[in-house]
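Q: This is a predicted model, with the sequence first.
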Amino acid sequence: LAAVNRTATPWVVIAGHRTMYTSDVHWTRVKESWKMQAALEPLMKKYGVSLYMGGHVHNYERTCFVRHKQCVDDGVVAVQIGT
(Lines give C-alpha, C1' and ligand atoms only; values in the text may rest on other atoms or scores of the structure.)
Protein backbone atom coordinates (compact mmCIF):
# COMPACT_ATOMS: atom_id res chain seq x y z
CA LEU A 1 0.00 0.00 0.00
CA ALA A 2 2.85 2.39 0.63
CA ALA A 3 3.73 2.31 -3.07
CA VAL A 4 0.23 3.04 -4.41
CA ASN A 5 0.29 5.80 -7.02
CA ARG A 6 -2.63 7.95 -5.84
CA THR A 7 -2.80 9.70 -9.21
CA ALA A 8 -3.41 6.42 -11.01
CA THR A 9 -5.32 4.87 -8.09
CA PRO A 10 -7.13 7.66 -6.25
CA TRP A 11 -9.13 5.31 -3.99
CA VAL A 12 -7.76 2.51 -1.82
CA VAL A 13 -10.56 0.17 -0.69
CA ILE A 14 -10.59 -2.51 2.00
CA ALA A 15 -13.43 -5.03 2.29
CA GLY A 16 -14.21 -7.36 5.14
CA HIS A 17 -17.06 -9.37 6.56
CA ARG A 18 -17.53 -7.44 9.83
CA THR A 19 -18.56 -3.82 9.96
CA MET A 20 -16.29 -1.24 11.59
CA TYR A 21 -18.97 1.33 12.36
CA THR A 22 -22.62 0.59 13.06
CA SER A 23 -25.63 2.14 14.71
CA ASP A 24 -26.81 -1.39 15.54
CA VAL A 25 -27.28 -1.65 19.30
CA HIS A 26 -26.44 -5.36 19.59
CA TRP A 27 -23.66 -5.25 22.21
CA THR A 28 -21.53 -8.01 20.66
CA ARG A 29 -21.39 -6.18 17.32
CA VAL A 30 -20.54 -2.88 18.99
CA LYS A 31 -17.64 -4.43 20.93
CA GLU A 32 -16.35 -6.09 17.74
CA SER A 33 -16.49 -2.80 15.85
CA TRP A 34 -14.55 -1.01 18.62
CA LYS A 35 -11.81 -3.66 18.44
CA MET A 36 -11.63 -3.31 14.67
CA GLN A 37 -11.43 0.48 14.90
CA ALA A 38 -8.55 0.26 17.39
CA ALA A 39 -6.64 -2.24 15.26
CA LEU A 40 -7.33 -0.93 11.76
CA GLU A 41 -7.76 2.86 11.94
CA PRO A 42 -4.03 3.55 12.48
CA LEU A 43 -3.11 1.30 9.52
CA MET A 44 -5.75 2.83 7.28
CA LYS A 45 -4.48 6.33 8.09
CA LYS A 46 -0.86 5.27 7.54
CA TYR A 47 -1.62 3.78 4.11
CA GLY A 48 -4.24 6.30 2.95
CA VAL A 49 -7.20 3.95 2.77
CA SER A 50 -10.24 5.77 1.43
CA LEU A 51 -13.08 3.29 1.94
CA TYR A 52 -13.84 0.32 4.19
CA MET A 53 -16.69 -1.96 3.08
CA GLY A 54 -18.06 -4.36 5.67
CA GLY A 55 -21.14 -6.46 6.15
CA HIS A 56 -22.48 -8.94 8.68
CA VAL A 57 -25.19 -6.56 9.93
CA HIS A 58 -28.10 -6.94 7.53
CA ASN A 59 -28.78 -3.33 6.64
CA TYR A 60 -27.08 -0.45 4.82
CA GLU A 61 -25.23 2.41 6.47
CA ARG A 62 -22.43 4.73 5.46
CA THR A 63 -20.41 7.24 7.40
CA CYS A 64 -18.80 10.59 6.85
CA PHE A 65 -15.00 10.58 6.69
CA VAL A 66 -14.43 9.19 10.18
CA ARG A 67 -11.62 8.56 12.64
CA HIS A 68 -11.94 7.85 16.37
CA LYS A 69 -15.75 7.95 16.08
CA GLN A 70 -15.62 11.56 14.83
CA CYS A 71 -16.24 13.10 11.41
CA VAL A 72 -12.95 14.49 10.09
CA ASP A 73 -11.60 15.81 6.79
CA ASP A 74 -9.02 13.06 6.24
CA GLY A 75 -10.66 9.91 7.60
CA VAL A 76 -12.06 6.78 6.03
CA VAL A 77 -15.60 6.37 4.69
CA ALA A 78 -17.13 3.19 6.08
CA VAL A 79 -19.97 1.43 4.32
CA GLN A 80 -22.00 -1.36 5.85
CA ILE A 81 -23.34 -3.26 2.86
CA GLY A 82 -25.66 -5.67 4.65
CA THR A 83 -24.29 -9.00 3.51
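A: Great, that's in hand.
Q: those strands in this protein, which residues are they?
A: Ranges of strands in the chain, per DSSP state E, are 13-15, 51-54, 61-62, 66-67, 70-71, 77-80.
Q: ok, and which of these has the densest surroundings?
A: strand 77-80 (a mean of 21; mean count of other CB atoms under 10 Å). To be clear about C-beta, it is placed using only N, CA and C from the backbone, and glycine gets the same treatment.
Q: hang on, isn't residue 15 packed against residue 49?
A: No. Between residue 15 and residue 49 there is no contact under CB atoms under 8 Å: 10.9 Å.
Q: In the protein, where is pLDDT below threshold?
A: 27, 83 (pLDDT under 70).
Q: Now do the helices in it.
A: Using DSSP state H, the helices of the chain run over 27-46.
Q: mind listing what residue 20 touches?
A: Residue 20 is in contact with 33, 36, 37, 40, 52, 54, 78, counting by CB atoms under 8 Å, 6 or more residues apart in numbering.
Q: Can you report how many residues neighbour the second one?
A: The burial count assigned to residue 36 is 18, neighbours taken as other CB atoms under 10 Å.
Q: Excluding chain neighbours, what is closest to it?
A: The shortest distance from residue 36 to any residue other than its chain neighbours is 4.8 Å, reached at residue 20 (CB to CB, 6 or more residues apart in numbering).
Q: Could you do residue 2 as well?
A: Distances taken as CB to CB, 6+ apart put residue 47 closest to residue 2, at 6.4 Å, once the chain neighbours are dropped.
Q: what separates that neighbour from residue 64, distance-wise?
A: Distance of residue 47 to residue 64, computed by CB to CB, to the nearest Å: 20 Å.
Q: Over to residue 35?
A: Remark: distance between residue 35 and residue 64 (CB to CB) = 21 Å.
Q: what does residue 32 give?
A: 21 Å.
Q: and what of residue 39?
A: 21 Å.
Q: ok, now residue 10?
A: Residue 10 is 19 Å from residue 64, by CB to CB.
Q: do residue 17 as well
A: 23 Å.
Q: Who has more neighbours out of the two?
A: Higher neighbour count among residue 17 and residue 64: residue 64, with 11 against 8, using other CB under 10 Å.
Q: Which residues does residue 62 form beta bridges with?
A: residue 79 (DSSP bridges).
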